[in-house]
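K.L.:
this one's sequence-less:
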């Protein structure tokens, strides 16, 4: 069964590769402009930090600590993990490394490396805020309907991932970053069901330790 799963994903990527244009992503100047103007478009009072791959927006130091606890990628598990001590570096350094590691792990799983855009990540405290954000985007961008079953989502026009601290895990973040990487890889974005299949593959096979 595992062989057929890998084969199915490989066939999907091979078929979609017909539409690939490597230069479609934003150029490095655009990426630098985003980093330099990271606060543009963010809700009032929010803070941010920039990683190699993303710009992360958050509301408080407490939210950063919660996100750090939720993203367990890179931590030692089991009995030995009890004696691992504190993770090194500042909380922003730790989170930046974790998020970039997840991003690069997703790229490796999909074999899609050409995304040069910095993806914005909006970190909300409560899950119901995700529904409100989607509801606000619906009239602005003519989205088909208001969904209430998303625990997180990626919106391509704003190059932004929206997550909630109540439901985020490294798998949830990887899933949404996969959508960003997939959408940037093809000049013609793949059908939503194909993109969702690839994103679920990433969540299932993400290296968490």
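P.N.:
Alright, I've got the coordinates. Every value quoted in this text rests on a predicted model; they were computed, and no experiment measured them.
K.L.:
quick check, pLDDT for residue 58.
P.N.:
If you check residue 58, the pLDDT there is 97.
K.L.:
contact partners for it?
P.N.:
Shown in contact with residue 58 (CB atoms under 8 Å, 6 or more residues apart in numbering): 46, 47, 48, 64, 67, 123. Every C-beta, even on glycine, is put in place using the N, C-alpha and C of the backbone.
K.L.:
low pLDDT regions in this structure?
P.N.:
Along the chain, segments meeting pLDDT under 70 span 1-41, 74-88, 144-148, 208-209.
K.L.:
what about 90?
P.N.:
Judged by pLDDT under 90, the chain has its weakly predicted residues at 1-45, 72-89, 114-117, 131, 134-150, 186-190, 192, 203-209.
K.L.:
what's the following helix or strand after whichever strand or helix holds residue 97?
P.N.:
Here residue 97 sits within helix 91-110, counting by DSSP states H and E. Later in the chain than helix 91-110, the nearest helix or strand by DSSP H and E is strand 119-124.
K.L.:
what helices or strands is that next one leaning on?
P.N.:
Packing partners of strand 119-124 (3 or more CB pairs under 8 Å, 6 or more residues apart in numbering; DSSP states H and E): strand 54-58, helix 127-141, strand 160-164, helix 170-185.
K.L.:
could these go into a markdown table alongside distance to residue 207?
P.N.:
What follows is the helices and strands packed on strand 119-124, written out as a markdown table (distance: least, CB to CB, whole Å):
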| stretch | distance to residue 207 |
| --- | --- |
| strand 54-58 | 18 |
| helix 127-141 | 26 |
| strand 160-164 | 20 |
| helix 170-185 | 9 |
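K.L.:
relative to residue 108, which of these is closest?
P.N.:
Residue 108 sits nearest to helix 170-185 of all the helices and strands packed on strand 119-124, at 10.5 Å, using CB to CB.
K.L.:
and the angle from the strand or helix carrying residue 69 to helix 91-110?
P.N.:
Using DSSP H and E, the element containing residue 69 is helix 61-70. Helix 61-70 runs at 40 degrees relative to helix 91-110, counting by axes from the mean of the first three to the mean of the last three CA atoms, to 10 degrees.
K.L.:
taking their axis directions, helix 61-70 and strand 54-58 sit at what angle?
P.N.:
Helix 61-70 runs at 130 degrees relative to strand 54-58, counting by the same axes, to 10 degrees.
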